[in-house]
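K.L.:
with the input below, show me the fold.
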Amino acid sequence: MYLYFDYSPLGALRWYVKVSRKGRRIGIREEYGTQAFDAAYDAAVAALGGVMRKRRAEPDPLVQPERRYVQADRSQRGQTRYYVQLRNGLPKIRIIAEFNSKEFNDECDAAIIEQIALYGDATDHVNAQKQRNEPRGELPTEPPKPHTLRWYWTLYKQSDHWLGDLSVGHEGLSDSTRRQRTGLIESLLPENGEKPFAVLTRNAIRAEMKARTPSQAGNLLSALRGMIRWMIDEGHLEEDDDPAIGLKSGKAKASRETGGFLPWTDDDMARYRAKWPLGTEARLMFDILHYTFLRLGDAHRFGPPHLRQIVRQMAVRIATEKSQGNTTVTVPVHPQFAESLQAARAAGIIGAEVFTGKRLRGRVLPMNKKGWAAKFKKYAVLAGVNEPKKSCHGVRKARAEVAAYADCTESQMMAMFGWTDPKMPAHYIAQANREKLGITGMEKVVAFDQSQSLDDFMRLPDANSTGTSGANKVVTLRSNSRKKTL
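P.N.:
Sure, this is the predicted structure:
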């Protein structure tokens with residue numbers, strides 16, 4: 001701890017010992033790394049009155065607390081710090097008390113309750129614990145044996161089905177799909193990777209699907225079917241021996257029941273606009289989603305190059321990421337979106353390549369779509385729109401509902417939203433027409449009820465009138481108007 005070095009005017013390396021900043025120092029002439037050097041060092045420390053200390057060493061591994069919202073990190077000086085943070089991007093609350101003491105837990109409880117009150121949703125609980133994923137076994141480093149499951153998986157990742165080759169009619173898989181399928185299939189390899197492919201029977205796949213949620217089971221089945229299709233095309237497997245034949249997942253039904261991403265309501269949009277006025281980055285991100293109807297994969301890279309003048313009118317034109325550039329969306333610039341762009345340009349927050357992104361040294365640089373979505377979610381949570389399934393795609397779904405209520409045709413919605421399958425606009429149009437029919441049907445029922453009111457038939461006659469009433473022309477029987485005699 002007290003050992004230093006410098007160089008002489010002639011460039012020679014010199015070692016010396018110093019125990020205080022301004023105190024004297026003692027030079028060491030022995031060769032570094034020898035026993036004589038260590039003995040001279042110990043003698044110099046003792047002569048200067050220093051206390052022998054341990055050598056510098058790496059601190060112990062940082063252990064994260066089990067509580068869901070309590071995090072630990074380490075400062076530059078090696079100090080372990082604890083804090084409460086509900087989600088990434090939200091404020092942090094430092095916990096001062098000693099770790100695992102009663103005061104520490106009380107501080108955590110108070111901080112978590114405060115954060116849930118400000119930014120929480122239905123999934124948050126003060127005593128929630130972190131979800132721990134079981135560690136997945138390591139895959140062997142040596143090449144796989146032929147005809148094993150890992151061998152087929154290795155060849156599949158090198159095939160045209162995976163990488164793509166348009167000369168043979170294969171577009172390949174996107175990066176996100178590759179990452180998803182890699183995680184799904186490689187979860188099967190630690191136990192079954194070195195076994196023949198025949199181990200992947202229909203019952204084995206069904207058992208793996210039962211161990212997952214309906215959505216994960218559907219993704220696993222899709223990943224396996226992709227590899228099996230490649231095996232059939234390459235002659236590694238007969239089509240009748242496909243183990244995935246007849247298997248179904250509940251992903252579609254679960255998606256219908258949950259509704260997927262939740263569309264934003266008018267109240268959500270009003271809260272967001274009230275929190276983030278024109279001229280802020282948060283408002284510009286929202287307006288891009290709201291007025292261009294773009295998916296996240298297109299919104300995060302949307303910028304000035306995607307604005308074009310078409311027939312003397314400014315329009316948004318962008319080749320969609322989902323279609324790999326094969327589908328182009330062209331929609332005129334909404335008047336309110338033009339106002340938002342003008343306010344953002346006046347505030348100096350628009351970039352040259354992208355409208356919104358990561359600001360670095362005065363420049364706005366592009367972000368990946370995951371980071372862009374996380375930033376937008378942070379702005380939404382701070383505005384009070386903090387439901388778990390309300391994200392970027394929820395704004396797009398809300399605008400699709402508006403287009404359907406505005407009597408847009410299927411072709412118009414497909415052009416505006418970049419869809420290639422007419423089932424998507426048909427879904428929104430059918431939902432809007434169903435509600436419109438319900439509204440108009442109730443209006444007819446109300447009109448019929450008002451025209452057939454029973455009050456005119458049940459009104460009692462006047463006490464002084466007999467026969468035909470002059471006011472309402474109601475005929476009464478004479479026997480009903482006679483006075484009863486005792």
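
K.L.:
what residues of the top helix by length along the chain count as buried?
P.N.:
Counting by DSSP state H, the longest helix found in the chain is helix 423-451. Buried residues in helix 423-451, counted by 16 or more other Cβ atoms under 10 Å: 424-425, 428-429, 432. Any C-beta I mention is one placed from the backbone N, CA and C, and that applies to glycine too.

K.L.:
how about stretch 186-206?
P.N.:
For stretch 186-206, by 16+ other Cβ under 10 Å, it's 188-189, 192-194, 197, 200, 205-206.

K.L.:
and the longest helix of the chain, how far from the chain's centre?
P.N.:
Remark: helix 423-451 is offset 34 Å from the chain centroid, using Cα atoms, centre = their mean, to the nearest Å.

K.L.:
quick one: mean pLDDT over that helix.
P.N.:
Across helix 423-451, pLDDT averages out at 90.

K.L.:
ok, now stretch 44-57?
P.N.:
72.

K.L.:
for the stretch 51-200 of the chain, what spans make up the strands?
P.N.:
70-74, 80-84, 93-95 (DSSP state E, counting those that start in this stretch).

K.L.:
tell me the pLDDT at residue 164?
P.N.:
So, for residue 164, pLDDT stands at 85.

K.L.:
repeat that for residue 8.
P.N.:
83.

K.L.:
show me what contacts the nearest residue in space to residue 164 that is not next to it in sequence?
P.N.:
Setting aside the residues directly before and after it, residue 164 is nearest to residue 172 in space (Cβ to Cβ, 6 or more residues apart in numbering), at 2.1 Å. Residues near residue 172 by Cβ atoms under 8 Å, 6 or more residues apart in numbering: 160-165.

K.L.:
ok, and the most crowded of the residues you listed?
P.N.:
Compared across the contacts of residue 172, residue 161 has the highest neighbour count, 21 neighbours, by other Cβ atoms under 10 Å.

K.L.:
run through the residues that contact it.
P.N.:
Per Cβ under 8 Å, 6+ apart, neighbours of residue 161: 170, 172-173, 226, 229-230, 233.

K.L.:
same deal with residue 222?
P.N.:
residue 181.

K.L.:
ok, it to residue 365 distance?
P.N.:
34 Å (Cβ to Cβ, to the nearest Å).

K.L.:
and if you look at residue 138?
P.N.:
Residue 138 is 37 Å from residue 365, by Cβ to Cβ.

K.L.:
more neighbours: these two, which one.
P.N.:
Set residue 138 next to residue 365 and count neighbours by other Cβ under 10 Å: residue 365 wins out with 13 against 7.

K.L.:
is it true that the more buried one touches residue 351?
P.N.:
Yes: under the criterion of Cβ atoms under 8 Å, residue 365 makes contact with residue 351 at 7.2 Å.

K.L.:
overlap of the contact sets of the two?
P.N.:
Joint contacts of residue 365 and residue 351 (Cβ under 8 Å, 6+ apart) are residue 357.

K.L.:
show me the two of the buried residues of stretch 186-206 that sit farthest apart.
P.N.:
Across these, no pair lies farther apart than 194 and 206, at 22.1 Å, counting by Cβ to Cβ.

K.L.:
and which of the buried residues of helix 423-451 is nearest residue 400?
P.N.:
Among these, residue 428 lies closest to residue 400 (Cβ to Cβ), at 4.9 Å.

K.L.:
now residue 387, what's its secondary structure?
P.N.:
On the three-state scheme (DSSP: H, G, I helix; E, B strand; the rest coil), residue 387 is labelled coil.

K.L.:
am I right that it is in contact with residue 262?
P.N.:
Yes: counting by Cβ under 8 Å, residue 387 touches residue 262, with 6.1 Å between them.

K.L.:
and residue 270, what element?
P.N.:
Taking DSSP states H and E as the criterion, residue 270 maps to helix 266-275.

K.L.:
I'd like the next helix or strand past that helix.
P.N.:
Beyond helix 266-275 toward the C-terminal end (DSSP H and E), the next one is helix 281-292.

K.L.:
list the contacts of that following helix.
P.N.:
Helix 281-292 has contacts (Cβ under 8 Å, 6+ apart) with 269, 272-273, 275-277, 294, 299, 302, 316, 331, 333-334, 336-337, 340-341, 343-344, 349-350, 355-356, 372, 375-376, 379, 383, 392, 395-396, 399.

K.L.:
in helices, which of those residues appear?
P.N.:
269, 272-273, 275, 299, 336-337, 340-341, 343-344, 372, 375-376, 379, 392, 395-396, 399.

K.L.:
write the ChimeraX selection for whichever of these are buried.
P.N.:
Selecting only the buried entries of the ones in helices among the contacts of helix 281-292 in ChimeraX, with 16+ other Cβ under 10 Å as the criterion:
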select :269,272,273,275,299,337,340,341,343,344,372,375,376,379,392,395,396,399
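
K.L.:
just the buried ones out of the contacts of residue 161, please.
P.N.:
Neighbour-count burial (16+ other Cβ under 10 Å) is assigned, among the contacts of residue 161, to 170, 173, 226, 229-230.

K.L.:
that'll do, ta.
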